[in-house]
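J.: My questions are about this predicted structure, shown below with the sequence.
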Amino acid sequence: MDESRNPQSLAMSAERRIARRQEDEAVLRAVRDGEPRAFDRFVERFGQRIYSFGMRMCNQQEDAEDVFQDTLIAVYRKLSTLRDAGALTTWLYRIVSNACMSRRRRSKFAPARELSLEELLPGSEPLEEGPVMPEEAGPVHEVYRRELSEKLEAALRDLPPDYRVVWMMRDVEELSTQETAEALQISVPNVKMRLHRARLALRKSLAHLRPQGEHA
Amino acid sequence: MSEHQHGSGRCLELAERLSEFVDGELPEPLRIEIEQHNDECTKCKKFVESLRRVRDLAHLLPRPELAQERLRRISEAARRRLES
């Protein structure tokens, strides 16, 4: 049976997401309510997550550090004004992505461009090609995992930021389509379109990657 | 019965919805249509599998981490800016 459609597997993944979301919201509520130690709890819970999001969006450590600090300050200055207590996580990602986009205007962040479906759908290459997952790579597992990970990082850097941010929110941070739309203040169909094109672009960049000794 | 030839207009139309398919976000009738289409079109089926692998690759990416000491310094600087 296809594992990704296995109801038990989907339920476990949903449970994990819900538990993580509840813990996130508890920390954000503590900040909003001005609880002692809330600042430290926020940094502990979100610091690395915000930094890594900033790193992937800006590609520069200095910009990612600024994104982290700008986000921290914005959260403290604005969280008390947030009316919808149920949207704390979405609101946080909106702050982080705005901080990233504002860096983009000031640094050498890649310019915005559109990805056309025609250039991403398989053309001359055979359709069945796509990356091989490390667990299928046998004894060269670890070497291949590193190579795949490096190529993925490079392919991600080549994605236009408007697509990269959607891929980051949906596939890395595991926000839902609706949450991503709210965080980025774009429509649900737009999120779906950008996510699909982002995945197609990554697929295309990694299509010929194979463990050593195998050929595409 | 003639064998399905990949690359028909329907293959291309359905290709636009395949991320929604792998995410389980399609309306039931379209989901069923894609499943039935993939039973006949091996290339579309393999394309879906490769798209699913790309989605799952996100978990392979190591998170870039900031040294704890640096994280603490930046947090302290933010705290000072908030208190000033």
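T.: Looks like it arrived, so ask away.
J.: residues in contact with A:L115?
T.: Contacts for A:L115 (C-beta atoms under 8 Å, 6 or more residues apart in numbering or on different chains) come out as A:L159, A:P160, A:Y163, A:R197, A:A198, A:L200, A:A201. Quick note: C-beta positions are derived from backbone N, CA and C, even for glycine.
J.: who wins for neighbours among those?
T.: A:A198 (27 neighbours; other C-beta atoms under 10 Å in any protein chain shown).
J.: Isn't that one up against A:V166?
T.: Yes. If you go by C-beta atoms under 8 Å, A:A198 and A:V166 touch, sitting 6.1 Å apart.
J.: Please point out which parts of the helix or strand harbouring A:H141 sit buried.
T.: Following DSSP states H and E, one finds A:H141 within helix A:141-158. Residues of helix A:141-158 classed as buried by neighbour count (16 or more other C-beta atoms under 10 Å in any protein chain shown): A:Y144, A:R145, A:E147, A:L148, A:K151, A:L152, A:A155, A:L156.
J.: Show me which positions of stretch B:56-73 end up buried.
T.: B:L57, B:A58, B:L61, B:P64, B:L66, B:L71.
J.: is any part of that stretch close to chain A?
T.: Yes. Using C-beta under 8 Å from any C-beta of the partner chain, stretch B:56-73 reaches chain A at B:56-58, B:60-66, B:70-72.
J.: And the residue of chain B found nearest chain A, what's its pLDDT?
T.: Nearest residue of chain B to chain A: B:S50, at 2.4 Å (C-beta to the nearest C-beta). Listed pLDDT for B:S50 reads 88.
J.: Equivalent analysis for A:V140, please.
T.: At A:V140, pLDDT is 62.
J.: And A:Y163, by the same measure?
T.: 94.
J.: and the nearest residue to it once chain neighbours are set aside, what is it in contact with?
T.: Spatial nearest neighbour of A:Y163, chain neighbours left out: A:A198 (4.2 Å); criterion: C-beta to C-beta, 6 or more residues apart in numbering or on different chains. With contacts defined as C-beta under 8 Å, 6+ apart, A:A198 is in contact with A:L115, A:L159, A:Y163, A:R164, A:V166, A:W167.
J.: same thing with A:F68?
T.: So A:F68 contacts A:G47, A:I50, A:Y51, A:G54, B:L66, B:L71, B:I74 (C-beta under 8 Å, 6+ apart).
J.: Same check on A:E62?
T.: Contacts of A:E62 by C-beta under 8 Å, 6+ apart: none found.
J.: before we move on, what about B:K45?
T.: So B:K45 contacts B:N38, B:D39 (C-beta under 8 Å, 6+ apart).
J.: can you check A:M168 too?
T.: A:F53, A:R56, A:M57.
J.: swap in A:V165?
T.: A:M57, A:S97, A:C100, A:M101, A:L184.
J.: Do you know the pLDDT at the residue nearest to the spatial centre of chain B?
T.: Centroid-nearest residue in chain B, with C-alpha atoms, centre = their mean: B:R55, separated by 3.7 Å. On pLDDT, B:R55 comes in at 91.
J.: Confirm for me that it is in contact with B:G24.
T.: No. B:R55 is not in contact with B:G24 according to C-beta under 8 Å; the separation is 11.5 Å.
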